Structures are given as C-alpha cells and as structure tokens.
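[1] What follows is a predicted structure for the sequence shown.
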Number of protein chains: 2
Amino acid sequence: MKLANDLLIRAANGQKVERTPVWLMRQAGRILPEYRKIRNALSGFKELVETPHLAAEVTIQPVDILDVDAAIIFSDILVVPEAMGLSYEMVEKKGPYFPKTIRSAEDLLNIKVPDVDEKLWYVTEAIKITKRELNGRVPLIGFAGAPWTIFAYMIEGQGSKTFSNAKAFLYRNPETSHQLLQLITDTTIAYLKAQISAGADIVQLFDSWAGILTHDQYLEFGMKYVNQICDAIKEVPLTVFAKGAFFALENMKNLKCETIGLDWNMNVSNAVNIFSNTKTLQGNLDPCVLYGDFSLIRQKTKEMLNSFANHRHIANLGHGVYPDINPDHVKCFIESVKSHN
Amino acid sequence: MKLANDLLIRAANGQKVERTPVWLMRQAGRILPEYRKIRNALSGFKELVETPHLAAEVTIQPVDILDVDAAIIFSDILVVPEAMGLSYEMVEKKGPYFPKTIRSAEDLLNIKVPDVDEKLWYVTEAIKITKRELNGRVPLIGFAGAPWTIFAYMIEGQGSKTFSNAKAFLYRNPETSHQLLQLITDTTIAYLKAQISAGADIVQLFDSWAGILTHDQYLEFGMKYVNQICDAIKEVPLTVFAKGAFFALENMKNLKCETIGLDWNMNVSNAVNIFSNTKTLQGNLDPCVLYGDFSLIRQKTKEMLNSFANHRHIANLGHGVYPDINPDHVKCFIESVKSHN
C-alpha cells in the first residue's frame, strides 16, 4: 500500500523532503493517558506486549493524538532473549528481571535461535493489525535490541548502572561471548525480517548500553554484530541508535545502514562532519527540554533543527521520552518541527 | 613534612618522575575486608564518615595493604549539601536519600554557605589524624563534589539514571539554579581550603554527573563553577574529573587546574592531542578489567600506560573500583603500573 505520508522513509533514504519528519522514541507508552487506561486494565506490561490487537491500538495512539510522522510497534527488546530460552518478568517500578541468566558456557546449551514465527507471532500479528488499521497514513517502524544490549541483559539479568557482570563476562569468556552474540544476531536478523514481511516499513536497532563499553570492546563485541545485521537487512531502511557510543561514530560511517541515531550528548556538528550526508541523522533534542515551557521547547527545537542545517535529518529526542512528560509539551515539540523552515 | 614518596605531586605538577604514580578511586572502601570489618561494627556509613579516627584508619588501609602512591581521605561528597542545610541518609544497598530537596526558589532560604570549620570539622580532623599517621609516606588527596553534581543530588534527592528532575530544574529555573550553584561553589571553595589547611597535599573535584548534561548546559551550569574553584585553589595542585563529559575536554584546556581525570570511555589519544602536556591526565583503565585474570590485567594495564606514551600521567581506573573486585586483582594492577617501563 502506498503511504500517504512517506516523509520518514524518504528522509531515511536521503531523498528530497518538504519538511523534516518527526517522531519520538517511546511515543507509544506512559506519556499518554489513553495508553495508561489500556495498560491499567491488564495484569501487566507483558500482557500488553503479547496481545496483538491491544499492542496495535497503543501503537496507533500517538499517530492519532500527537500527529507524529511514524508509528513504532509497541513491544520490548527483551522478547528476543525470551524467545531464545530466557524468560523475563517486568517488575513494576523496577524494570526487567530474568530469573535465570547466563553464567557459563554450559548455560548456552539451553539457548537457541528460535523459529521466530512460532515464538514471536504476537509481534508480527500486532504489526499486521497495525498496518491494516493505519491504512497507509504513516510508516510503521519495527525494531529490535542490538546484540550487545540483549547480551548485557542475558548476563546481568536486570537493569544496572554499570552492567559490570556483563562486562566482566566479556573479559573472562570472550569465546563464549562471541558464541552467544552470534546466536542473538542470527535471531535478530530472522526477527527483523519477520517484522518486515509482516509490514514494517523501516526498522531500528537499539544499542541502549553501547556507551558503557570501551571503544575497543564496542568494536569487538558490539559493532561486529551490528554490522552483520546491517549487511543482512536489505528490504527496508535500517536505523542504528547506539546510545552513548560517541567514540564509535567514525566507525559507524562504514555500516550499511541508512540512518544513525544521535543521543543528546553527541555533538551535532561533529556528526554532520563525519557523515556529511552519506547517511541520515536522527535525533537529538535533550528529552528534559520537554519539562520546560512552550517557549523554551520552541527555542531549543529550533536550535536543534538549525544545528543539522542541510544535513539529511529525522527529528527526534536524543533518548526515549520520559514517562512524566505532559503530552501537550510533546505536541509543542512536534508542531515546532513541522512549522520550522 | 617532606613526603618520602611525592611521585603523585610531581606528576600533577608536570615535573619529572621515575615512574608513573598509581592510586584508585574508591580504594578506601568495600573492596578491603579490613574496611568491611570496621564498617560492620558501626551503625552505618555515616558514622564512619563522621568519626575522624576511624575515617583516618580506613584512609590509610590501602596504603598499607595495596601499596598505592597516595591516600584519599575517606568521606562522601554529600557532606557538603548536609553542611548547607540538606541532610541525607545512606540507605543500605540503595544509596543516598535526602528527605528534603530543593523544589523552588523559596527552598533556597534554608540553604546557606556554612562555617565549614564548624559543620565539617570531622573531615578536617580526619585529615589531621591521617597526615600524622601517614607520617609523610605518601601524599593525602582531599576532595569534593563539583557544584553541578552536588546540585543534582540536592534537587533529585537520590541517585537516578537520568537525573531528570535536576535537569528539568535547570530548564525551568535557570536563575535559581545559578543562585544555588553559586552557594555550593562558595561552600566548596571554603571546604577545599579547610582540607588543605588541615594537610591535604592535592585536591580533586568529582563531577560524577557531568555526562548527563548537554554540552551547552555543562558549560553554563557546570564548567562555569568548576572554573571558579580552579581559580580559587592555588595552594596545592587540583584535579578535575568530569565523568562522561567527553564533549567538554576541549573546554577544560582553559581550566586553571593541574590534572584532568579521564573515564574509560574517553579516547586517550584524543585527550593527549588536546592537552599535549599542558596538564597531567589521570586514568583510565576500564574498572571491569579487574574482573579478568592476572594476565588480562597486566596486558590491559600495559596497553593503557602505552596509550599515554610520553604524556604527563597518573595511573588510575576510569571510575571508582567496583566493590566486589578481589583485592589481589587490584594489587596486580598496581604492580603492573609500578613495573612498567
């Protein structure tokens, strides 16, 4: 089906656009009262993730309510380790928790590349419903966690400031680490291809914990596998968002992907110099700007847009929108992008 | 008193040294069983901080046990907000918690620049005891949190991944923010001078949450006050460690301080190019390397030392040593530095 608004796809592909497209990471979620209403009627976060028609409904909410230029499928990056054999719980106010984690090479015996159609049917089904209900209004973004980030959770078992268990594992067991990262990579490629077959118009890799590795470690255990995924996904444009990996921007020039996400710490003019229109850049307003008043949001959004100057660009925050942000402030950001010359 | 081992001071001042000096951030603390024995006999962490002869004892432990080239006074950066009027609790396994926080300009009425000799006597007393007992073996490092980091705790009231309340406060109340930052700065200058009078041979500013600000915000709300402190402290060498502030390294060239701390993410050759021996660089081994075996620790330490080449250098980790690291692995790191040519 032809998209009525294909700004995001054209921007990702480096084609001409009338204006900069805009969406927000975590736009489908707790910022919207309409989301909280659906979520609160359920047993938990995972029930929402695993119920396709509800996941589709909250995916479309920000398109209706915020008028963003793309929908992103409501899901979680941790469905992948679960499909591989490590189930997780989402603990209210605490975050994800894995009762079992990977401690040694032997633990890998229980981990496998799953049949994604069987194990992750609820994501592809949610994508199909969303595509049908969006009816071509805007593109639908599919996504997955990057292998290092998924690995970090499989070792650590929960969120962490330092992910020191996961990093220790890399130093102590480099070979087992590579084996596990390869299993995750193979699963992720199959999973993204399934999302694309189901209708995703563009896909994004989230490397949320890239920034805690050293440069050398990120090249060896992170980028190597991101690179494999970039090489494998040819059907639709791909975005790589490696949060905190400012040190690896130069290396990312060589990835076969269309778009690079920038967090709010990353220097835009530096990124513009590095990529000089060979890729699209996505980001990177400080998410905390949305705590400010409308005039501050307009001013900072304008400054951010100007910093990308004539570079290929998709407007976004430099991180997921924080859950306590007033939706009217999000709308102000979106309108500021749309009205910018 | 003349120091028997003054390698750290000479290295900080850019003078000739026979070998690279080495110490570790958080070397006085949970890694040592000797520390845990003292700590466990007390009601809590704060009792240790506020009992000078015990604080002195745990300060000297790593000199005796690990043979480091400096002691750092055992204390906490949060004694400063407490002395200014906001008391904190240290919650076991959770971290600091402030029952009252700064929410508005009115809350500043209860905050003042204290008489540090009266309010923080226990730190200066601990320094005096430590100096006496060290008897000139190695230099003693004094320290304080940088104003932005202290501000972040005074607004947020506890640790946070995003410090979004503190950042929101900067955007919403820039004038009140500057007023509070100035109060913290004035207190910090008086506090560091008191530490120096009591015997500290060198002092370090920890800007632990520098890395969550945008570059512009860090210049306006962070570096501005770090700069004032650098200008005010002339008695002994000063080190500035702004964790995560890779984006501001160029700006730090202009600080009137002797040493710049680097975290493990920061590219050493980039820092060497920027500072080119105008300042000493301190760091920056990934703290997780110490989870590896002895051969890995030796190899990575060697690579780290070589990366600083002929640059003025003090060896350290790129972050505080993690509490579950085996002291024998810490010793291996220290010995690797000492035996390096």
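    Great, that's in hand.

[2] What is the burial count for residue A:254?
    Residue A:254: 11 surrounding residues under other CB atoms under 10 Å in any protein chain shown. All C-beta atoms are positioned from the backbone trio N, CA, C, and that covers glycine.

[3] and what of residue A:276?
    11.

[4] How much space separates it from chain B?
    Taking CB to the nearest CB, to the nearest Å as the measure, residue A:276 and chain B are separated by 20 Å.

[5] Excluding chain neighbours, what is closest to that residue?
    Leaving aside its chain neighbours, residue A:276 sits nearest to residue A:311 (7.7 Å; criterion: CB to CB, 6 or more residues apart in numbering or on different chains).

[6] can you count the residues close to the one you found?
    Residue A:311: 17 neighbours (other CB under 10 Å).

[7] How about the contacts made by it?
    Residues counted as contacts of residue A:311 (CB atoms under 8 Å, 6 or more residues apart in numbering or on different chains) are A:272, A:275, A:276, A:277, A:281.

[8] so which pair among those residues is furthest apart in space?
    Within the contacts of residue A:311, A:276 and A:281 form the most distant pair, 10.5 Å apart (CB to CB).

[9] per-residue confidence for the closest residue to residue A:33 other than its chain neighbours?
    If the residues on either side of it in the chain are set aside, residue A:33 comes closest to residue A:327, at 7.7 Å by CB to CB, 6+ apart. Listed pLDDT for residue A:327 reads 98.

[10] Please flag which of the contacts of residue A:311 sit within strands.
    residue A:281 (DSSP state E).

[11] Make CSV out of the contacts of residue A:311 and add pLDDT and distance to residue B:234.
    What follows is those, written out as CSV (pLDDT from 0 to 100; distance: CB to CB, whole Å):
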residue, pLDDT, distance to residue B:234
A:272, 98, 41
A:275, 98, 44
A:276, 96, 45
A:277, 97, 49
A:281, 98, 44
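
[12] among the contacts of residue A:311, which are in helices?
    A:272, A:275 (DSSP state H).

[13] out of the contacts of residue A:311, who has the most neighbours?
    The most neighbours of any of the contacts of residue A:311, using other CB under 10 Å, belong to residue A:281, which has 24 neighbours.

[14] list the contacts for that one?
    A:259-262, A:268, A:271-272, A:275, A:308, A:311-314.

[15] Same question for residue A:120.
    Taking CB under 8 Å, 6+ apart, we find residue A:120 in contact with A:79, A:80, A:83, A:114, A:191, A:194.

[16] from those residues, which is closest to residue B:242?
    Distances from residue B:242 to the contacts of residue A:120, taken as CB to CB, are shortest for residue A:80 (35.6 Å).

[17] what about dumping the CA coordinates of the host helix or strand of the closest one to PDB?
    Here residue A:80, judged by DSSP states H and E, is contained in helix A:79-84. Below are the C-alpha coordinates for helix A:79-84, written out as PDB (Å, rounded to 0.1, in the frame of the first residue of the first chain):
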ATOM      1  CA  VAL A  79      11.100 -10.500  23.700                       C
ATOM      2  CA  VAL A  80      14.200 -11.800  21.900                       C
ATOM      3  CA  PRO A  81      16.100 -13.400  24.800                       C
ATOM      4  CA  GLU A  82      12.700 -14.800  25.900                       C
ATOM      5  CA  ALA A  83      12.200 -16.400  22.500                       C
ATOM      6  CA  MET A  84      15.800 -17.800  22.800                       C
END
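
[18] Centre of the chain to the very next helix or strand once past it, how far?
    Later in the chain than helix A:79-84, the nearest helix or strand by DSSP H and E is strand A:89-91. The gap between where strand A:89-91 is centred and where its chain is centred comes out at 20 Å by CA atoms, centre = their mean, to the nearest Å.

[19] and what of stretch A:195-210?
    With CA atoms, centre = their mean, you get 7 Å for stretch A:195-210.

[20] any idea whether the residue most central in space within chain A is helix, strand or coil?
    The residue lying closest to the centre of chain A (CA atoms, centre = their mean) is residue A:206, at 4.1 Å. Under DSSP: H, G, I helix; E, B strand; the rest coil, residue A:206 falls in the strand class.

[21] same check, this time on residue A:228
    At residue A:228 the chain is in helix, as set by three-state DSSP.

[22] For the longest helix along chain A, buried residues please.
    Secondary structure of chain A per DSSP H: the longest helix is helix A:174-198. Using 16 or more other CB atoms under 10 Å in any protein chain shown as the test for burial, helix A:174-198 gives A:176-177, A:180-181, A:183-196, A:198.

[23] Say whether chain B is contacted by that helix.
    No. Using CB under 8 Å from any CB of the partner chain, helix A:174-198 stays clear of chain B, coming no nearer than 9.6 Å.

[24] And stretch A:204-216, by the same measure?
    Yes. For stretch A:204-216, a contact with chain B is found by CB under 8 Å from any CB, at A:211, A:212, A:214, A:215.

[25] list the contacts for residue A:271?
    A:249, A:260, A:262, A:281.

[26] Repeat the analysis, applying 6 Å as the threshold.
    Residues near residue A:271 by CB atoms under 6 Å, 6 or more residues apart in numbering or on different chains: A:262, A:281.

[27] And residue A:315, by the same measure?
    Neighbouring residues of residue A:315 by CB under 6 Å, 6+ apart: A:20, A:22, A:337.

[28] Around the nearest residue to residue A:265 once chain neighbours are set aside, count how many other residues there are.
    Leaving aside its chain neighbours, residue A:265 sits nearest to residue B:247 (6.1 Å; criterion: CB to CB, 6+ apart). Residue crowding around residue B:247 was assessed by other CB under 10 Å; the count is 21.

[29] isn't there a helix covering residue B:247?
    Yes. When three-state DSSP is applied, residue B:247 is found to be in a helix.

[30] what is the mean pLDDT for stretch A:250-264?
    For stretch A:250-264, the mean pLDDT works out to 98.

[31] what does chain A put close to chain B?
    Residues of chain A lying close to chain B (CB under 6 Å from any CB of the partner chain) are A:164, A:167-168, A:171, A:214, A:247, A:264, A:267, A:286, A:288, A:291-292, A:296, A:322.
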